[in-house]
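[1] Predicted model, plus sequence, below.
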Amino acid sequence: MADPNIVNVTTITGKTAASTLTAASLSQVTNASASGKVFKINTIIASNKSGSTTTQVNVSYVKGGVTYYIARTIDVPADSSVIILDKNTSIYLQENESIAAFAATTGIIDLTVSYEEIS
């Protein structure tokens, strides 16, 4: 199925995905092939839960199995959050595209993605 024309949508559903990152790149939000939907990614926030360790985060856009970095080796200081993407720089995920992420240190970065599912 083709991506919907976002001028003639019938449904916009606000969603949030959250996970604790590991050292392996994993999909955080995926728009399945033939979903008939477009996802508008509004915000991506990386939060460091460690009280003493600064670590790095990598966030990417994956299209057709090819990785394109949105943020690469961005330092997230201890007890801090970094806005990777905000509503002024939102991006769209078409069918069979995803947002993936990983951290240099497993278990201390929480990644939160706010998005709209449009159909």
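    Yep, it's here.

[2] Can you tell me, leaving aside adjacent residues, what's nearest to residue 102?
    Ranked by C-beta to C-beta, 6 or more residues apart in numbering and with sequence neighbours excluded, the top spatial neighbour of residue 102 is residue 25, at 4.3 Å. (C-beta placed from N, C-alpha, C; glycine too.)

[3] Near the one you found, how many residues? Count them for me, please.
    Close neighbours of residue 25, defined as other C-beta atoms under 10 Å, add up to 16.

[4] which residue is nearest the middle of the protein?
    residue 99 (4.3 Å; C-alpha atoms, centre = their mean).

[5] did I read that right, that one in a helix?
    No. Going by DSSP: H, G, I helix; E, B strand; the rest coil, the assignment for residue 99 is strand, not a helix.

[6] in its sheet, what does the helix or strand hosting residue 43 sit against?
    Assessed by DSSP states H and E, residue 43 sits inside strand 38-48. Strand 38-48 has the following sheet partners, assigned by DSSP bridges: strand 81-85 (antiparallel), strand 91-93 (antiparallel), strand 109-118 (antiparallel).

[7] Check the offset of the shortest one from the chain's centre.
    Think strand 91-93. How far strand 91-93 lies from its chain's middle: 10 Å, per C-alpha atoms, centre = their mean, to the nearest Å.
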